[in-house]
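[1] Starting from these lines, generate the structure:
(one chain, ligands or ions: 1)
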Amino acid sequence: MQTKNADTMRLEREQINKHNSKLESKHQRAFQFLREDLPGIESVVSKLEKFQIAIPSWALGTGGTRFGRFSGRGEPGTLEEKIEDVGLLHALNRSSGAISLHIPWDIPQDAQKIKDLAASFDLKFDAVNSNTFQDQKDQELSYKHGSLHHVDPKVRKQAVEHNKEVIDHGIALGSKALTVWLADGSSFPGQLNFREAFQNTLESLKEIYAHLPEDWKLFVEYKAFEPFFYSMTIGDWGQSLLLASKLGPKAYTLVDLGHHLPNANIEQIVSLLLMEGKLGGFHFNDSKYADDDLTAGAIKPYQLFLIFNELVEGMDARGMDHVSDLGWMIDASHNLKDPLVDLLQSVEAIMIAYAQALLVDREALKAAQKQNDIVKAQNILQNAFRTDVRPIVAEARLRAGAALDPLQLFEDLSVRDQLVKERGENSVATGL
Ligand SMILES: [Mn+2]
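    As a prediction, the model looks like this:
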């Protein structure tokens, strides 16, 4: 591990090469074994090599629950350190080439300097995120009763202005999208007039939309419940799609896996949003109950695969670019594991699901569907899901210059201990 550029930790090429040379012969045996039976394997590897999943700045520190927060060690305390963390992830897996910022937590003092730092790690800036779900220190009006849907036009105006500022920060960094998630809703029947709340939200979003540059997108995120427990003003994909449709061609629905009621058929939602050209992006996480924010693929890997199956099929049907036409991001909270380790695991799970979806025999599936051959259709999907694609994902990493086993290298190099040395035991990250 080397320290240069004002205390920034960077992985050296030789460290990765040394790690890979130890594992390479075992890896090659596993990869060659798969190659014999999978004729399309080269195209899968090259798609995996290009695929990138953005890391949100707020996932780099330890999150809390409503009951407590147990801090990690050596968390990134500044925007520069957050970029350094994502830079380390990207060096380990070459699949985390973007960071998503949250304003006001991550306001850059010098945008050009921050851009240069990110570029030195080969990182881009993904969507910027506004925050009207909590009050800030110097804020005039409170968001206790909502922001863009608020009954008071002065609160709505304040929230609209904040979103415009977030866009401006994003422009300075080279972002191309704004994600709006609102903690607007009600906890008691009678508290809100649903129609007025929706109309207020639409009018506010229209003002924000008008501030978007030509080549930007607006992502409208929805959530079924929490922080409010009776209604959320953008509670499901129907409400999000309605808003996105009324706003115009730059507005899209954003799907966060944890923002559905239990057992929702998310893959069907994805399929129809893609059909309408209104799916903007994804927030990955996993859950047993709802917005548990657990590691992607930790609880329901088959669901993650089924979602990717629809994504690949739907994107290919529209001739979309897998890498750039949708926004891909992890949105999780880490209470128990080292956040960087958890993020490496999440990226790996997403790549596995994507690789499995790329292996689905589309023609055979289509034929089975046409003949109502349910058994065959199910088997085609499960054959792909039950293929151990880890050597394919590792091969893509190897070719991209990443580590064959990023988690092992993270551990072998004692990355967290190095970060603690640099930042101190008790540095704390802003975030959830
Ligand atoms: Mn989200």
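[2] Could you find the closest non-adjacent residue to whatever residue of the stretch 301-432 of the chain ends up closest to the ion?
    Distance from the ion to each residue of the stretch 301-432 of the chain (CB to the ion) is smallest for residue 331, at 3.8 Å. Quick note: C-beta positions are derived from backbone N, CA and C, even for glycine. Among residues not flanking residue 331 along the chain, residue 283 sits closest, at 3.5 Å (CB to CB, 6 or more residues apart in numbering).
[3] hey, what's that neighbour bridged with?
    Bridge pairing for residue 283 (DSSP bridges) gives the partners residue 256, residue 329.
[4] just to revisit the earlier point, now the residue of the stretch 301-432 of the chain closest to the ion: how far from residue 109?
    From residue 331 over to residue 109 the distance is 26 Å, taken as CB to CB, to the nearest Å.
[5] hmm, back to that, need the per-residue pLDDT for the residue nearest to residue 331.
    As predicted, residue 283 sits at a pLDDT of 98.
[6] returning to that earlier point: have a look at residue 331 and residue 109 and say which one is more surrounded.
    residue 331 (28 against 9; other CB atoms under 10 Å).
[7] Enumerate every residue touching the more buried one.
    Applying CB atoms under 8 Å, 6 or more residues apart in numbering, we find residue 331 in contact with 56, 59, 256, 258, 283, 284, 285, 293.
[8] ok, now with 7 Å
    By CB atoms under 7 Å, 6 or more residues apart in numbering, residue 331 lies in contact with 56, 256, 283, 284, 285.
[9] which of those are close to the ion?
    With CB under 5 Å from the ion as the criterion, these include 256, 283 near the ion.
[10] among the contacts of residue 331, who's most crowded?
    Among the contacts of residue 331, residue 56 has the most neighbours (other CB under 10 Å), with 27 neighbours.
[11] residues in contact with it?
    Residue 56 touches 100, 329, 330, 331, counting by CB under 7 Å, 6+ apart.
[12] Tabulate those in a markdown table, adding columns for distance to residue 158.
    As requested, the contacts of residue 56 are exported to a markdown table (distance: CB to CB, whole Å):
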| residue | distance to residue 158 |
| --- | --- |
| 100 | 23 |
| 329 | 27 |
| 330 | 30 |
| 331 | 25 |
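[13] Reformat the residues you listed into TSV and put pLDDT next to each item.
    Shown next, in TSV, are the contacts of residue 56 (pLDDT from 0 to 100):
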residue	pLDDT
100	97
329	98
330	98
331	97
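[14] All the helices of the stretch 101-250 of the chain, residue numbers only.
    Read by DSSP state H, counting those that start in this stretch, the stretch 101-250 of the chain holds these helices, from start to end of the chain: 111-120, 153-173, 194-210, 237-247.
[15] So which elements touch the strand or helix carrying residue 83?
    If you go by DSSP states H and E, residue 83 is part of helix 79-93. Applying 3 or more CB pairs under 7 Å, 6 or more residues apart in numbering; DSSP states H and E, we find helix 79-93 packed against strand 8-10, strand 98-100, helix 111-120, helix 339-359, helix 406-412.
[16] closest one to residue 79 among these?
    In terms of CB to CB, the element of those nearest to residue 79 is helix 111-120, at 6.3 Å.
[17] Report all helices and strands that the closest one contacts.
    With contacts defined as 3+ CB pairs under 7 Å, 6+ apart, helix 111-120 has these neighbours: helix 79-93, helix 153-173.
[18] Go again with 10 Å.
    Judged by 3 or more CB pairs under 10 Å, 6 or more residues apart in numbering; DSSP states H and E, the packing partners of helix 111-120 are strand 8-10, helix 79-93, strand 98-100, strand 124-125, helix 153-173.
[19] Alongside the ion, which residues does the stretch 301-432 of the chain contribute?
    Selection of the stretch 301-432 of the chain residues close to the ion by CB under 5 Å from the ion yields residue 331.
[20] Low-confidence stretches in the stretch 301-432 of the chain?
    Under the criterion pLDDT under 70, the flagged ranges of the stretch 301-432 of the chain are 430-432.
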